[in-house]
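Student: below are the sequence and a predicted model for it; my questions follow.
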Amino acid sequence: MSAIPGLAPKPKTDVAAAASDELYETRKQIYPQSVSGTFRNIKWALLVVGMLVYYFLPFVRWDRGPEQPAQAVLVDLAHQRFFFFGITIWPQEVYYLTGLLILASFTLFLMNAVAGRIWCGYLCPQTVWTDLFLLIERWTQGDRRDRMKKAKQPQNLETIVEAILKHSLWLMIAWWTGGAWVLYFADAPTLVKQLATFQAPAQAYIWVLILTASTYLLAGFAREQVCVYMCPWPRIQAALTDEWALNVTYRTDRGEPRGSMKKNKALRAAGKPAGDCVDCGQCVAVCPTGVDIRGGLNMGCIQCGLCIDACDNVMTKIGKPTRLIAYDTDENIRRRSIGLPALKPKIFRARTIVYMVLIVGVAALMGFTLATRRSLGVDVMHDRNPIYVALSDGSIRNAYTVRILNQKGATRDFKLSLAGLPQGKIEVQGHPDDADGSVPITVGADQTLELRALVTIPDGIQLPQSTTIQIVLTDVTTGEVAKKVDFFKSP
């Protein structure tokens, strides 16, 4: 395109030229420093508990009877069942999965309303596995300063050996992470043996490989990039918070103006204001995402509290009160800025109470339906073509497909009977009738049985064209009953 006459093109400034050449900020390698303190101990405790549950839960046994799987938690895709200790979920009970997802959502909303991204900082798998990988990195290559120094130096035998050891341990953890996941979908001891002897199904090896690679890459290399760029939660949670949510906060009213201990001491001696922050940078050094919390809330902050521990350690050393950085609310920040005293956090407020009520309500509903659900079921489907048959003796017959469900871990004896049709008779192909007109049926443990049922009325019975009937299934031993309403069609 030619230039417009009389107008000279505006020369690009250095800033504009740089912006046009680079659309994204170059990633800076982050070397989180180790730290000790209250919040770090909480994170270690949650990491240990979470890892123990994840890795060893597939090996927990649960006796469900001789015909049932003995694994406490099992997603049995082959038989379309989900076993969770004493609970068995069938495919038609997918609403329980929906309920669990709703509970998880409301719990996440509640956690966000109480303390911001506390899930991200303490319980998110990305955070937990990254913490574990960082622990191995520090053990093999040293703490922050050592790793930064080695990164600038040429490789030598020592650094190569350290790197090989680190990546070997990372791969071992990643492999066991992927291996533990597939153990939830088959009998764990059996599958471990099959994997070790190369006799496992190909799908098991494929998923172990996929999960090994994803764990190794995300926890070992992507790290904070997942939290800042890949995870949608930082962008969503701002819409679910308010001025009373606790967030990791730097107290500017107490910390500013910041400066070195020598500088601040001189300012105080001269009667000038000086803050408690000595600008040591420890809060930034320990942050797993490289955020300087002193600049205010940042999307990269996962609210893990490690900067609180680091700052408290420094404040203790210089004889100042702790919690210069602390969990605080936006309302208290506002109040301090205008000279008002801070208020206690309001954990119980309209937003959190609504979430709590919803969580309790959904959990109670799920618990009630689980406690009162039947262990048997019957489903009936009427034949459509022909919808009825007139037999040679004048009787009328309708045909049905009956599916019987036994949700217990033992073989059960049932009786199938008919209700709502005067002088009607039910027959099941391959099963003789009893004297009372019912049909005895045996269904294996945790199985469904599909039957062909015929309902007949004799000649001379006058009925409407469509009559409501019930197919009744009764447990012979316990007396438990299930019914299914359908219709009987006549001319």
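Tutor: Right, received. Where do you want to start?

Student: strands of the stretch 51-200 of the chain, start to end?
Tutor: If you assign secondary structure with DSSP state E, counting those that start in this stretch, the strands in the stretch 51-200 of the chain sit at 73-76, 81-84, 87-89.

Student: which of those sits closest to Leu123?
Tutor: strand 73-76 (18.7 Å; CB to CB). The C-beta positions use only the backbone N, C-alpha and C, and glycine is treated the same way.

Student: what is that closest one packed up against?
Tutor: Secondary structure elements in contact with strand 73-76, counted by 3 or more CB pairs under 8 Å, 6 or more residues apart in numbering; DSSP states H and E, are strand 81-84.

Student: pLDDT value on Ala270, please?
Tutor: With respect to pLDDT, Ala270 scores 88.

Student: mind checking how far it is from Glu67?
Tutor: Relative to Glu67, Ala270 is positioned 85 Å away (CB to CB, to the nearest Å).

Student: neighbour count winner among these two?
Tutor: Each of Ala270 and Glu67 has its neighbours counted (other CB atoms under 10 Å); Glu67 has more, 12 against 8.

Student: wait, the more buried one touches Ala445, no?
Tutor: Yes - under the contact definition of CB atoms under 8 Å, Glu67 touches Ala445, with a separation of 4.0 Å.

Student: so what sits against both of those two?
Tutor: Common contacts of Glu67 and Ala445 (CB atoms under 8 Å, 6 or more residues apart in numbering): Gly409, Ala410, Thr411.

Student: for this structure, what helix or strand is lowest in average pLDDT?
Tutor: helix 14-21 (a mean of 48; mean pLDDT, DSSP states H and E).

Student: OK, contacts around the residue nearest to Trp62 when sequence neighbours are not counted?
Tutor: With CB to CB, 6 or more residues apart in numbering as the measure, Ala72 is the residue that lies nearest to Trp62, at 4.0 Å, once sequence neighbours are left out. Neighbouring residues of Ala72 by CB under 8 Å, 6+ apart: Leu57, Val60, Arg61, Trp62, Phe83, Phe84, Phe85.

Student: and the second one, how close does it get to Ala204?
Tutor: In other words, Val60. 20 Å.

Student: show me which of those two is the more surrounded one.
Tutor: Neighbours were counted for Val60 and for Ala204 using other CB under 10 Å; Ala204 has more, 18 against 13.

Student: which SS class is the more buried one?
Tutor: Three-state call for Ala204 (DSSP: H, G, I helix; E, B strand; the rest coil): helix.

Student: what about Val278, which SS state?
Tutor: When states are read from three-state DSSP, the local structure at Val278 comes out as coil.

Student: so where's the chain shaky on pLDDT?
Tutor: Residues of the chain that meet the criterion pLDDT under 70 lie in 1-25.

Student: how does it divide into domains?
Tutor: With automatic domain parsing as the criterion, the domains of the chain are listed as 38-224, 242-337, 376-489.

Student: among the ones you listed, show me which one is buried the most.
Tutor: Looking across the domains of the chain with neighbours counted as mean count of other CB atoms under 10 Å, the highest average goes to domain 242-337: a mean of 18.

Student: and the helices in the stretch 101-250 of the chain?
Tutor: Assigned by DSSP state H, counting those that start in this stretch, the helices in the stretch 101-250 of the chain fall at 118-122, 125-141, 144-152, 157-182, 188-196, 202-217, 224-225, 233-236.

Student: starting at the chain centroid, how far to the shortest one?
Tutor: From the chain centre to the centre of helix 224-225 is a distance of 20 Å (CA atoms, centre = their mean, to the nearest Å).

Student: how about the fifth one?
Tutor: In terms of CA atoms, centre = their mean, the centre of helix 188-196 is set 26 Å apart from its chain centre.

Student: check the fourth one too.
Tutor: Helix 157-182 sits 25 Å away from the centroid of its parent chain (CA atoms, centre = their mean).

Student: likewise the third one?
Tutor: For helix 144-152, the separation from the chain centroid amounts to 36 Å (computed by CA atoms, centre = their mean).

Student: same check on stretch 145-162?
Tutor: Relative to where its chain is centred, stretch 145-162 has its mean C-alpha point 38 Å off (CA atoms, centre = their mean).

Student: first-to-last residue distance for it?
Tutor: One end of stretch 145-162 sits 15 Å from the other (CA to CA, to the nearest Å).

Student: and the contacts of that stretch?
Tutor: Here stretch 145-162 has contacts from Gln29, Tyr31, Glu137, Arg138, Thr140, Gln141, Gly142, using CB under 8 Å, 6+ apart.

Student: okay if I get those as JSON lines plus distance to Leu183?
Tutor: Listed next are the contacts of stretch 145-162 as JSON lines, based on distance: CB to CB, whole Å:
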{"residue": "Gln29", "distance to Leu183": "35"}
{"residue": "Tyr31", "distance to Leu183": "35"}
{"residue": "Glu137", "distance to Leu183": "27"}
{"residue": "Arg138", "distance to Leu183": "29"}
{"residue": "Thr140", "distance to Leu183": "28"}
{"residue": "Gln141", "distance to Leu183": "31"}
{"residue": "Gly142", "distance to Leu183": "35"}
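
Student: farthest pair in those residues?
Tutor: Spatial extent of the contacts of stretch 145-162 (CB to CB) is set by the pair Gln29 and Thr140 at 16.8 Å.

Student: can you add distance to Ile359 and give the domains of the chain back as TSV?
Tutor: Below are these laid out as TSV (distance: least, CB to CB, whole Å):
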stretch	distance to Ile359
domain 38-224	5
domain 242-337	17
domain 376-489	27
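
Student: Ile353 is nearest to which of those?
Tutor: Of all these, domain 38-224 sits nearest to Ile353, with 9.8 Å by CB to CB.

Student: tell me how far that closest one lies from the chain's centre.
Tutor: The chain centroid and the centroid of domain 38-224 are separated by 12 Å, computed with CA atoms, centre = their mean.

Student: distance check, the residue positioned nearest the centre of the chain against Ile308.
Tutor: A centroid search over the chain (CA atoms, centre = their mean) returns Ala104, at 7.0 Å, as the residue closest to the centre. Between Ala104 and Ile308 the computed distance is 27 Å (CB to CB).

Student: spatially nearest residue to Asp143 (excluding sequence neighbours)?
Tutor: Ser34 (5.5 Å).
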